[in-house]
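> only geometry, no sequence info:
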């Protein structure tokens, strides 16, 4: 039977501010953010309600306008935290233009992006104090105010808390409504977002409220977030997938908590009783492998497989016992995890099915910074393993110049598409043609309307015989090997042609538990046997001919995409 996606009827918002304000109206006393504070061994939790969040946005926005920064560009840098979110929504919803910066960038790049974006203000956390001191001394930027998120003794910088208090006094004592009265133009640029490019210097996408709110409206038609949900804000906020995920949660009255770090993710899922989790495939795959390794260690692998088959049969007659029979597994993930959204890259089919088997709705999505970001997504009523779902309601997707297999470049049209690249007409004209955005991604649309990605246009390896190899497809197969933490398939020049090679990063913890003391050469031989076995399932021209084995992580963007150019240039 052809899957039919059911869309929910929802109220549509005109801009992001309206979406947040509606949530405050409906859920004023819901906890918007739960913040952990550590003092030595003492741990306490602070709760910010939706009403408090809106009040602090109003205070901070009023103060910034009073300081003369209405319509100005305000950059923010730091880890995911309440103050980052407060700054972002304050600026976005009435002050000026947001410029989110990647917290993992080196000092020179931070300074470069502040200069390129012509930022007037930068809001930063204490860890960047020394960098900001150097940038402040430079005359090669437009910055006139530096605001630190943390209270410190450095008199060079303003403290965010003090500015909020000044805004509070203006609102409460002077009845200042300048921020609240700002009229938002949904068509106007409201954000400069630098792309996390994997091969070249990042470009700056110009996005509007129209771009963002179109995504929120479409997301709400596809999936349901409940005001009783708890979301762990794992993806970096500076990336549009992270910030838009947070926006969608806030628009639905969800409680948002913060991760202590990737090592503590499972512990945090339990600690906060997380029910919703937006993440990247690499993390989901690592979690699943860890779960299955423990199942195997306990000798319960056969039991799990039988239970999965039984539950699959029962699901066909609409009897769902998954969360009962897999309660022990779910309890290790906090017990309340009901919904996982994976994006930024394709997820391994076995992993997606594995989480589904446990009773956790696992949906794949697809998008780019330039599309604010979501273009396609699965939902509860329409899923297909390996796909990234249907185009979201307001987006049209086409395959440009498809080959005999139906694979071509994915091009899109819709209100999510950016205004263009900031001060880069040449790059804008390369991707925006006749009203269509050319994504640079390759894929196809099947007979049921599901969109499948096959790889990046720039990554395709073209052999002399005309065959096209999409390395991402082979990487998904390699990633299914339990000891593989990450991998990259690439072409090795051989005469006038190419042969395929794979760089494989192994999981040291798994290897030690599985093989004990094993030399690098012995491990490579073991992996090579598995690769040869994998080759047998592939046509000859897709066979891996060489492997590089290491425990050193690859160079990646902050959304865990491998920087292929960086990895291959020294090989």
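Structure's in. What do you need? No experiment lies behind these values; they were computed from the predicted model shown. Numbering: from 1, shown residues only.
> what's stretch 435-446 in contact with?
Contacts of stretch 435-446 from elsewhere in the structure, counted by Cβ atoms under 8 Å, 6 or more residues apart in numbering, are 366, 368, 370-371, 375, 384, 387, 397-400, 402, 405-413, 417-418, 430-432, 451-458, 460, 470. Where C-beta positions appear, they are placed from N, C-alpha and C, glycine not excepted.
> now that stretch, how far from the chain's geometric center?
From the chain centre to the centre of stretch 435-446 is a distance of 20 Å (Cα atoms, centre = their mean, to the nearest Å).
> now the buried members of the contacts of stretch 435-446.
When neighbours are counted using 16 or more other Cβ atoms under 10 Å, the contacts of stretch 435-446 contain these buried positions: 366, 368, 370-371, 375, 384, 387, 397, 399, 407-413, 417-418, 431-432, 451-456, 460, 470.
> next step: those residues restricted to helices.
Among these, the members falling in helices are residue 431 (criterion: DSSP state H).
> what are the ranges of the helices in the stretch 301-450 of the chain?
Listed in chain order, the helices of the stretch 301-450 of the chain (DSSP state H, counting those that start in this stretch) span residues 301-316, 322-325, 327-331, 349-357, 425-431.
> so which of those helices is the most surrounded?
Neighbour counts averaged per stretch over these are highest for helix 349-357, at a mean of 20; criterion: mean count of other Cβ atoms under 10 Å.
> tell me the buried residues in stretch 19-28?
By 16+ other Cβ under 10 Å, the buried positions in stretch 19-28 come out as 19-21, 23-24, 27.
> which residues are contacting the host helix or strand of residue 45?
Residue 45 belongs to strand 42-49 when elements are defined using DSSP states H and E. Strand 42-49 is touched from outside by 28-37, 56, 82, with contacts defined as Cβ under 8 Å, 6+ apart.
> if we go to 7 Å?
Contacting residues not belonging to strand 42-49 are listed as 28-37, 82 [Cβ atoms under 7 Å, 6 or more residues apart in numbering].
> same deal with stretch 398-410?
Outside stretch 398-410, the residues that touch it by Cβ under 7 Å, 6+ apart are 397, 411, 438-439, 441-445, 454, 457.
> do the same with stretch 291-298
Contacts for stretch 291-298 (Cβ under 7 Å, 6+ apart): 301, 304, 329, 482, 510.
> how distant is it from the center of its chain?
Stretch 291-298 has its C-alpha centroid displaced from the chain centroid by 28 Å (Cα atoms, centre = their mean).
> quick one: mean pLDDT over that stretch.
Confidence for stretch 291-298, expressed as mean pLDDT, is 86.
> buried residues in it?
Neighbour counts over stretch 291-298 (16+ other Cβ under 10 Å) mark 291-293, 295 as buried.
> got a markdown table for these, with secondary structure and distance to residue 244 too?
Compiled in a markdown table, the buried residues of stretch 291-298 are given as follows (DSSP: H, G, I helix; E, B strand; the rest coil; distance: Cβ to Cβ, whole Å):
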| residue | secondary structure | distance to residue 244 |
| --- | --- | --- |
| 291 | helix | 28 |
| 292 | helix | 31 |
| 293 | helix | 33 |
| 295 | helix | 35 |
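> flag the shaky bits of the stretch 251-400 of the chain, pLDDT-wise.
For the stretch 251-400 of the chain, residues meeting the criterion pLDDT under 70 lie at 344-345.
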